[in-house]
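Participant: This is a predicted model, with the sequence first.
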Amino acid sequence: MSALDRTAAFDLVSWLVDDECQHGTALCLVDGLALRLRDAGLALECLNLHLRTLHPEILAHTVSWRPGAPATELFIDHHHRRAPVYLASPLRRVMTQKQWVSQRFDGPDTTGSAFYAEFAAAGVTEMVFAPLENADGTVSAFSLGTSRPGGFSASDRALIECLQKPLRTVLELKTLRAIGETLLETYIGPGTGKRILAGHIRRGDMQLVDAALMFCDLRGFTTMSNRLAHNRVIHLLNRYFDAILPAINAEGGEVLKFMGDGILGFFHHEEGANASCTAALRAAQAGLARLATVCELDAELRAGMALHHGIVGYGNVGSGKRLDFTVIGRDVNLTSRIETVCSLTGKPILMSARFAEHLDHPATVSIGLHTLKGFEEPVELFSWEG
């Protein structure tokens, strides 16, 4: 490598480990790296990052750069690993065997693979694919294409090889941060996950929050569980969750707990109690409507929704290193008890008087006073007849 090449490599590595790359997005990193590689003399026609991740729905994501346009991002689901295009692509070999792969397009070994067709049509003369192996053993990759006659030069290849490890380190840090956020969002919800990442992790670290609460329960779940095979029960339970959870998310709510077939939802809108309760009611209606469209030959999926508004303690409880971020308080207990009346009366939606008074709709009907376990005074409940 010449002195000029060593200077270019040093500048690129220094940029990769600088704050700009540490704090920027993968899209910004790809845009910046492509610009600097072209300034260093590479006739670069494409630059791609193929990043593995840990996500319940996404297997990986690809960040791609082409001349004259900003970088773009494509998310790839888990079914892609069985797709013919992936199975025949060099990425499979790079990620499973940790090998560098080079493919020329201007010689007798030019391939007709669908994976390469886009690059060949864009005037790429050679593609290079390189593994990015993380400390935990997972392998991502990056790829570059050139339009230089004869493909990449020896100095081009030397520069690319110098980038492999620092690029791997920068991307591993970004991926780990993203995985941490994804796992928190997946298991405890986006709002709660953000609070934890912001440092609210000490036992007893709680705040009082004014919120609309929802408790949803699948009717006849115990009987269903005793009657059907385990795998079938899991399938039906997930069909039920698929109907209810998107409705909660669409109204700005958050699911705090799964308790078997029970769902504890939490709605806190900055516009106030009316907005929180209206959102919770819309979510309940939409969730039940979605559930009513689910058809299963061996089970009827129906649910009851309890709605209440009150003050809850929102934060950490537990012991030592094992904590739970949850909501606690009298109003949480009341919401759970209201749901038992849903089961007894067959009403799909029941709400407390405090919840009903925050609604602008006149379609609430009192079903009278009900004695709830653990509460001394009877509680007036309302059904929704809209």
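Facilitator: Here it is on my side, so go on.
Participant: Run the chain-centre distance for stretch 60-79.
Facilitator: 17 Å (C-alpha atoms, centre = their mean, to the nearest Å).
Participant: Show me which residues of that stretch are buried.
Facilitator: Residues of stretch 60-79 classed as buried: 60-66, 71, 76 (neighbour count, 16 or more other C-beta atoms under 10 Å). Heads up, the C-betas are built off the backbone N, CA and C, glycines and all.
Participant: tell me the two of these that are most distant?
Facilitator: 60 and 66 (19.5 Å; C-beta to C-beta).
Participant: circling back: out of the buried residues of stretch 60-79, the closest to residue 49 would be?
Facilitator: Nearest to residue 49 among the buried residues of stretch 60-79, with distances taken as C-beta to C-beta, is residue 63, at 4.4 Å.
Participant: So that closest one lies in a helix, does it not?
Facilitator: No: Residue 63: not assigned to a helix; according to DSSP: H, G, I helix; E, B strand; the rest coil it is strand.
Participant: Just after the lowest-mean-pLDDT helix or strand in the chain, pick out the following helix or strand.
Facilitator: Within the chain, no helix or strand scores below helix 84-87, which has a mean of 63 by mean pLDDT, DSSP states H and E. From helix 84-87 onward toward the C-terminus, using DSSP states H and E, the following helix or strand is helix 90-97.
Participant: Output the contacting helices and strands for the longest strand seen in the chain.
Facilitator: Using DSSP state E, we find that the single longest strand of the chain is strand 303-319. If you count contacts as 3 or more C-beta pairs under 8 Å, 6 or more residues apart in numbering; DSSP states H and E, strand 303-319 packs onto strand 206-218, helix 273-292, strand 322-328, helix 330-345, strand 349-352, helix 353-356.
Participant: how about TSV for those, with mean pLDDT added?
Facilitator: As requested, those are exported to TSV (pLDDT from 0 to 100):
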stretch	mean pLDDT
strand 206-218	92
helix 273-292	95
strand 322-328	85
helix 330-345	92
strand 349-352	96
helix 353-356	94
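Participant: Go through those and pick out the most buried.
Facilitator: Stretch with highest mean neighbour count among those: strand 349-352 (a mean of 24; mean count of other C-beta atoms under 10 Å).
Participant: picking up where we left off before, buried ones in the longest strand of the chain?
Facilitator: 303-310, 312-316.
Participant: What about residue 381, how many residues nearby?
Facilitator: By the measure other C-beta atoms under 10 Å, the count of residues near residue 381 is 26.
Participant: Can you read off the pLDDT for it?
Facilitator: At residue 381, the pLDDT value in this model is 95.
Participant: That one is in contact with residue 368, isn't it?
Facilitator: Yes: with contacts defined as C-beta atoms under 8 Å, residue 381 counts as touching residue 368 at a distance of 7.4 Å.
Participant: Export the buried residues of strand 303-319 to TSV and append columns for distance to residue 229.
Facilitator: Converted to TSV, the buried residues of strand 303-319 look like this (distance: C-beta to C-beta, whole Å):
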residue	distance to residue 229
303	22
304	25
305	28
306	30
307	34
308	36
309	40
310	40
312	38
313	40
314	38
315	40
316	38
